[in-house]
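A.B. asks: here is a sequence with its predicted model. Questions after.
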Amino acid sequence: MGSDRFVDPELLDVVVVGGGIAGLAAAYEIQARGLTFRLFERAARPGGVIFTDRTGGFTIDAGPDALLIQKPAAVELCRQVGLGGRLLPTRKPRTAFILRDGRLHPLPESSILGIPRDVRALATTRLFSIAGKARMAAELLVPAARANGDESIASFIGRRFGREAVTYLAEPLLAGIHAGDVTRLSMRGLFPRFMEAERRHGSVLRAFRQLRQPATRSGDGAFYSLPDGLTELVDALVARLPAGALRLNVPVDRVVPGGPYLVQTAEGEVRARAVILTTPAYAIASLVEGFDQDLAALCNDVQYASSATIAFAYRREDIAHSLLGSGFVVPRVEHTTIMAASWVSSKWPDRAPTGHVLLRVFIGGARDPGAMGRSDEDLRLTAEREMGRILGITAAPLFTRLYRWDRANAQHVVGHLDRVAAIERRLAAWPGLYVTGSGFRGVGIPDCIADARATAASAATALSGR
Ligand SMILES: Cc1cc2nc3c(=O)[nH]c(=O)nc-3n(C[C@H](O)[C@H](O)[C@H](O)COP(=O)(O)OP(=O)(O)OC[C@H]3O[C@@H](n4cnc5c(N)ncnc54)[C@H](O)[C@@H]3O)c2cc1C
């Protein structure tokens, strides 16, 4: 009764575990190189944290919604899968706001991730006190650190720009985009450009002053999305996989090394000459702990935060604020439950029917882990009340949608790069075994794609040499 299948399971070139963007990008690369493979995904849909919900003319990206243009891997992949003509820039004005003392202040123009490119950009903003501005401008005079080691975002920005820059820029923006804790996230891992600027020019401001205007040269701003949400990219990748290669609803339980690797899944065992693990690092830990406890422990040390996004739909006339911009972030010192809000229908075209507005709120993260213990209803009502106060909303939303992202935000904390180096040293003992995905060498979608493709390319090269 089909015993052949179990005695001598099919030998594949590669098994990919996890069908988020990293797994899909790895599979795309493997297929382009003509190798046989199968991709196992635990969930009923591919994409991992990329998920677009469409309802009543609203297009809601429940997880990520933006592809950073400056890191080209995502845009390049979109072009390769036929989505080049669909890439959409953000709408103007692209102003982002910061909440201070209950009021929204536009980020100084001409800034890089909130850090002014020029001290003149500080002159007119009311976001900082006069003393805070003076301290930021004095960055030009702060001597460069002698040591070249890692430090937290708070430590680096505090040292160079002062406490106010940590409270109102670094915490809500630099740490906020990672749903992270500013005192723990790694500057070297996440924002090496700033450290490099200090090392090479002695001052971040001096280095930024010498930069040409970044991505904005094309007039497209810093981000692209896709008209039907980022699920378009997932769908386009899936459409390019050979029939039967993507196995949904099939968790992998264990990987066993041997000549070829034995991969135990919910639908049976397969053998493969190489295995690319792209699940969150803690899930990788449980797959490898049977044969390498040190590797499992290192993977378990990679931290993750949980968060939620809540989408709110309103009639335009029910919101007093102009919503001219992309949204706002909230420093921790403002004591709100919401960490940030996107004005989705201002940021991207056609996300809401005419006369309507789509807003999206972020909650939780490493800054407020307790929030995830609260009920959906509680989070929804709290966010609705806070948004109402900040934006002058006079009516109840037409509908809301809440999406929970449990342990989905990888946290590259101080020392992360050393941990990844240690993981790579352990992997050297297991030829044909690879890890990639947001827990390792990059968090954003472009970095995940670039690393997954590079990892798949290394696997293919190694296989062709064996
Ligand atoms: C709310 C939110 C907003 C974000 N916004 C942006 C943004 O705008 N732009 C940007 O560039 N980045 C953004 N990011 C970051 C980026 O989206 C993620 O880092 C990236 O998509 C992670 O991809 P991944 O493939 O590594 O992991 P995931 O997407 O987590 O995929 C891992 C997959 O592995 C599967 N899996 C787990 N265990 C098993 C198992 N045992 N067997 C089989 N499958 C398994 C899971 O089901 C999942 O599908 C955001 C992240 C979040 C959470």
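C.D. replies: Now that the structure is in, tell me what you want to look at. None of these values were measured; they are calculated from a predicted model.
A.B. asks: hey, let's count contacts and neighbours off CA atoms from now on
C.D. replies: Noted.
A.B. asks: mind checking the SS state of the nearest residue to Arg367 once chain neighbours are set aside?
C.D. replies: If the residues on either side of it in the chain are set aside, Arg367 comes closest to Asp181, at 5.4 Å by Cα to Cα, 6 or more residues apart in numbering. Put simply, Asp181 is coil when judged by DSSP: H, G, I helix; E, B strand; the rest coil.
A.B. asks: show me what counts as buried in the host helix or strand of Leu77.
C.D. replies: For Leu77, the enclosing helix or strand under DSSP states H and E is helix 73-80. The neighbour-count check on helix 73-80 (16 or more other Cα atoms under 10 Å) flags Ala73, Ala74, Val75, Glu76, Leu77, Cys78 as buried.
A.B. asks: now do stretch 135-148
C.D. replies: Within stretch 135-148, judged by 16+ other Cα under 10 Å, the buried ones are Arg135, Met136, Ala137, Ala138, Glu139, Leu140, Val142, Ala144.
A.B. asks: shouldn't the third one be in contact with Val119?
C.D. replies: Yes - using Cα atoms under 8 Å, Ala137 makes contact with Val119 at a distance of 5.7 Å.
A.B. asks: list the residues that contact both of these two?
C.D. replies: By Cα atoms under 8 Å, 6 or more residues apart in numbering, Ala137 and Val119 have no common neighbours.
A.B. asks: hmm, back to that, give me phi/psi at the residue nearest to Arg367?
C.D. replies: phi -100, psi 120 (degrees, to the nearest 10).
A.B. asks: ok, Ala96 next?
C.D. replies: phi -110, psi 150.
A.B. asks: domains in the protein, as residue ranges please.
C.D. replies: Under the assignment automatic domain parsing, the domains of the chain span 3-47+232-302+414-465, 52-92+305-411, 108-218.
A.B. asks: quick one, helices of the stretch 151-300 of the chain?
C.D. replies: Here the stretch 151-300 of the chain has its helices, by DSSP state H, counting those that start in this stretch, at 153-161, 163-165, 187-190, 192-201, 204-210, 231-239, 281-288, 293-300.
A.B. asks: and the ligand, which of the ones you listed is closest to it?
C.D. replies: Closest approach to the ligand among those is made by helix 281-288 (5.4 Å; Cα to the nearest ligand atom).
A.B. asks: packing partners for that closest one?
C.D. replies: Judged by 3 or more Cα pairs under 8 Å, 6 or more residues apart in numbering; DSSP states H and E, helix 281-288 is in contact with strand 252-256, helix 293-300.
A.B. asks: okay, buried residues for the last one please.
C.D. replies: What it means is helix 293-300. Leu295, Ala296, Ala297, Leu298, Cys299, Asn300.
A.B. asks: and for stretch 146-157?
C.D. replies: Asp150, Glu151, Ser152, Ile153, Ala154, Ser155, Phe156, Ile157.
A.B. asks: let's have those residues in JSON lines, adding pLDDT.
C.D. replies: Below are the buried residues of stretch 146-157 laid out as JSON lines (pLDDT from 0 to 100):
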{"residue": "Asp150", "pLDDT": "96"}
{"residue": "Glu151", "pLDDT": "97"}
{"residue": "Ser152", "pLDDT": "98"}
{"residue": "Ile153", "pLDDT": "98"}
{"residue": "Ala154", "pLDDT": "98"}
{"residue": "Ser155", "pLDDT": "98"}
{"residue": "Phe156", "pLDDT": "98"}
{"residue": "Ile157", "pLDDT": "97"}
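A.B. asks: now those in JSON lines, with distance to the ligand?
C.D. replies: Formatted as JSON lines, these follow (distance: Cα to the nearest ligand atom, whole Å):
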{"residue": "Asp150", "distance to the ligand": "21"}
{"residue": "Glu151", "distance to the ligand": "22"}
{"residue": "Ser152", "distance to the ligand": "20"}
{"residue": "Ile153", "distance to the ligand": "18"}
{"residue": "Ala154", "distance to the ligand": "21"}
{"residue": "Ser155", "distance to the ligand": "24"}
{"residue": "Phe156", "distance to the ligand": "23"}
{"residue": "Ile157", "distance to the ligand": "23"}
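A.B. asks: turn those into CSV, including distance to Ala456.
C.D. replies: What follows is the buried residues of stretch 146-157, written out as CSV (distance: Cα to Cα, whole Å):
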residue, distance to Ala456
Asp150, 29
Glu151, 31
Ser152, 31
Ile153, 31
Ala154, 35
Ser155, 36
Phe156, 35
Ile157, 36
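A.B. asks: backbone dihedrals for Leu151, please?
C.D. replies: You called it Leu, but residue 151 is Glu. Dihedral angles of Glu151 (phi, psi; degrees, to the nearest 10) stand at phi -150, psi 170.
A.B. asks: which residues does the residue nearest to Phe223 when sequence neighbours are not counted contact?
C.D. replies: The shortest distance from Phe223 to any residue other than its chain neighbours is 4.6 Å, reached at Leu68 (Cα to Cα, 6+ apart). Neighbouring residues of Leu68 by Cα under 8 Å, 6+ apart: Ala74, Ala222, Phe223, Tyr224, Pro446.
A.B. asks: among the residues you listed, find the lowest-pLDDT one for me.
C.D. replies: The pLDDT minimum for these sits at Ala222, where the score is 92.
A.B. asks: what does the stretch 251-400 of the chain have sitting close to the ligand?
C.D. replies: Residues of the stretch 251-400 of the chain lying close to the ligand (Cα under 6 Å from any ligand atom) are Pro251, Val252, Asp253, Thr279, Pro280, Ala283.
A.B. asks: quick one: the nearest residue to the fourth one once chain neighbours are set aside from Ile276, how far?
C.D. replies: Yep, that's Thr279 we're talking about. Spatial nearest neighbour of Thr279, excluding adjacent residues (Cα to Cα, 6+ apart): Gly18 at 4.9 Å. Distance of Gly18 to Ile276, given as Cα to Cα, to the nearest Å: 9 Å.
A.B. asks: thanks a lot, catch you later.
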